[in-house]
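Asks: Quick one, structure for this:
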Amino acid sequence: MHIWVDADACPAVIKDILFRVAERLQLNVTLVANRLIRVPGSRFTRALQVPVGADAADAEIVERVSPGDIVVTGDIPLASLVLEKGGLPLNPRGEWYTKDTIAQQLTMRAFMEELRGSGVDTGGPAASRIPIVNRHPGYTIIHSSFFGKRYRLSARVAFAVM
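Replies: Sure, this is the predicted structure:
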């Protein structure tokens with residue numbers, strides 16, 4: 001299994017969680033973006049820079065994803081393509097895209113785009129559900145809907161404390 005991240009719009013806190021999970025579980029994590037992304041020195045994490053262009057990162061992810069790979073993205077059309085290839089798309093809030101829900105999400109996306117195009121103010125996405133709960137010397141405890149548990153993040157590893 002490989003974790004691919006559509007890194008252009010992925011929140012920094014999610015990237016940090018993924019870096020720690022990669023080390024803890026020894027999973028390969030690749031951040032794909034059309035700009036330079038810094039990743040920690042680890043044999044499990046790497047960044048892949050693609051040429052600047054509309055959906056260039058998406059196309060690269062779709063080309064490389066294998067059945068069973070996880071793709072972290074907030075891009076609904078990319079999630080749909082990943083599902084078609086047998087991948088497991090997950091949004092940065094920790095919600096899985098499924099074949100049962102993707103059509104509805106694509107329809108809602110098109111509807112909202114049409115409203116915005118006609119001048120209606122639709123607002124933005126809801127605030128992230130990843131509040132920092134408590135900071136301690138050497139680690140931070142956060143609640144994360146990304147993995148559905150509470151995590152204690154140290155400089156080396158993320159592990160569930162509840």
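
Asks: Next, work out how far apart the spatially most central residue of the chain and Ala79 are.
Replies: Centroid check for the chain by CA atoms, centre = their mean gives Val72 as the closest residue, at 2.9 Å. For Val72, the distance to Ala79 (CB to CB, to the nearest Å) stands at 10 Å. Heads up, the C-betas are built off the backbone N, CA and C, glycines and all.

Asks: quick revisit: any idea what the closest residue in space to the residue nearest to the centre of the chain that isn't next to it in sequence is bridged to?
Replies: Leaving aside its sequence neighbours, Val72 sits nearest to Val5 (CB to CB, 6 or more residues apart in numbering; 4.7 Å). Beta-bridge pairing for Val5 (DSSP bridges): Leu31, Val72.

Asks: Low-confidence ranges, the protein, go.
Replies: Along the chain, segments meeting pLDDT under 70 span 124-162.

Asks: helices or strands next to the longest helix along it in the packing?
Replies: Longest helix in the chain, counting residues (DSSP state H): helix 99-117. Judged by 3 or more CB pairs under 8 Å, 6 or more residues apart in numbering; DSSP states H and E, helix 99-117 is in contact with helix 76-84.

Asks: buried sites along the helix it packs on?
Replies: For helix 76-84, the neighbour count (16 or more other CB atoms under 10 Å) marks Ile76, Leu78, Ala79, Ser80, Leu81, Val82, Leu83 as buried.

Asks: Which of these sits closest to Leu115?
Replies: Among these, Ile76 lies closest to Leu115 (CB to CB), at 15.9 Å.

Asks: okay, stretch 95-102 in CSV with CA atoms only?
Replies: Extracted C-alpha coordinates of stretch 95-102, given in CSV (Å, rounded to 0.1, in the frame of the first residue of the first chain):
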residue,chain,number,x,y,z
GLU,A,95,-14.0,11.1,5.2
TRP,A,96,-13.8,8.3,2.5
TYR,A,97,-15.1,8.9,-0.9
THR,A,98,-17.0,5.8,-2.1
LYS,A,99,-18.7,4.7,-5.2
ASP,A,100,-22.0,5.2,-3.4
THR,A,101,-21.4,8.9,-2.6
ILE,A,102,-19.1,10.2,-5.4
